[in-house]
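Trainee: Got a sequence here, can you model it:
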Amino acid sequence: MMRGRRTRKALLLVPAATVSVLVSACGVTGVDTVAGQNPAGGAGSGSTTLQQPPEFGKEPHQMLSATESRQVGWFVADAGGFALYRYDKDTAKPPKSNCDAECVAMWPPVLVSDHTMTSGVDPTLVGSVARADGKKQVTLAGWPLYRYAGDKKAGEVTGQGKGGAWFAVTPEGKKAQANDGAAPGQPSTGDGY
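Mentor: Numbers count the residues shown, from 1 in each chain. I've put the predicted structure just below:
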């Protein structure tokens, strides 16, 4: 009788261990952002601690994932596959957003949620910064992140080089490079602020 109970307990543990290994192998890492600290340095940004991903539908979450395009190579996208951008008029050390007022209409900031998950992005580079409006914005390597209102579908990177100041952000927090041999930052018209 005792042996049968041990076998059942062991059989229950095997599926749980298998699920744990499969979840950790998929490359998705959960990150909680804590205000006031930043692993990449700088005041007002957030530090990260690894967490289990939230249950779907239970808590809002943000996803930062590495994506590749022919136009700019590797860049970071949100959960919907939309490109995320950095702004040359912002600062990374210390993190500071300089996109306010009219700017946010075309370049909405990526705001902090309860959980930020990453795939192909080093979670220690993810943090946050307090905006002038009091909201917390997600940072990558200290750079505040934005979406571009002109990107209408997943995978588009139409904000690249806008105004010579907006660039898709790489998984390391750097400016994405144009794959056609052109230097990043070649001037374009409109929406540059």
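
Trainee: Give me the helix or strand of this structure that scores worst on average pLDDT.
Mentor: Within the chain, no helix or strand scores below strand 47-51, which has a mean of 37 by mean pLDDT, DSSP states H and E.

Trainee: On the C-terminal side of that one, identify the next helix or strand.
Mentor: Scanning forward in sequence from strand 47-51 by DSSP states H and E, the next helix or strand is strand 61-69.

Trainee: now what about that following strand, what contacts it?
Mentor: Strand 61-69 is contacted from outside by 53-54, 74-79, 81, 83-84, 110-121, 126, 138, 140, 145, 155, 157, 171, 179, using Cβ atoms under 8 Å, 6 or more residues apart in numbering. All C-beta atoms are positioned from the backbone trio N, CA, C, and that covers glycine.

Trainee: Apart from its neighbours in sequence, what residue is nearest Gly150?
Mentor: Among residues not flanking Gly150 along the chain, Thr158 sits closest, at 4.9 Å (Cβ to Cβ, 6 or more residues apart in numbering).

Trainee: Extract the residue ranges of this structure that are flagged as low pLDDT.
Mentor: For the chain, applying pLDDT under 70 flags the ranges 1-60, 180-193.

Trainee: just the strands in it please.
Mentor: Using DSSP state E, the strands of the chain run over 28-34, 47-51, 61-69, 73-77, 85-87, 91-92, 95-96, 115-119, 126-130, 136-140, 143-144, 166-168.

Trainee: Run me through the strand neighbours of the third one, direction for each.
Mentor: Think strand 61-69. Sheet pairing here is set by DSSP bridges, and for strand 61-69 it gives strand 73-77 (antiparallel), strand 115-119 (parallel).

Trainee: Now do the end-to-end distance for stretch 78-95.
Mentor: Terminal residues of stretch 78-95 lie 20 Å apart, using Cα to Cα, to the nearest Å.

Trainee: Next, count neighbours for Asp88.
Mentor: By the measure other Cβ atoms under 10 Å, the count of residues near Asp88 is 16.

Trainee: Now that it has come up, it's in contact with Val169, right?
Mentor: No. Counting by Cβ atoms under 8 Å, Asp88 does not reach Val169; the two are 11.6 Å apart.

Trainee: Tell me which of the strands of the chain lies nearest to Cys103.
Mentor: strand 85-87 (8.3 Å; Cβ to Cβ).

Trainee: ok, and what's touching that closest one?
Mentor: For strand 85-87, using Cβ under 8 Å, 6+ apart, the contacting residues are 97-99, 107, 140, 143-148, 159-160, 165-169, 173, 175, 193.

Trainee: would you turn the strands of the chain into CSV with mean neighbour count?
Mentor: Converted to CSV, the strands of the chain look like this (neighbours: other Cβ atoms under 10 Å):
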stretch, mean neighbour count
strand 28-34, 19
strand 47-51, 16
strand 61-69, 19
strand 73-77, 22
strand 85-87, 26
strand 91-92, 18
strand 95-96, 24
strand 115-119, 21
strand 126-130, 28
strand 136-140, 25
strand 143-144, 28
strand 166-168, 27
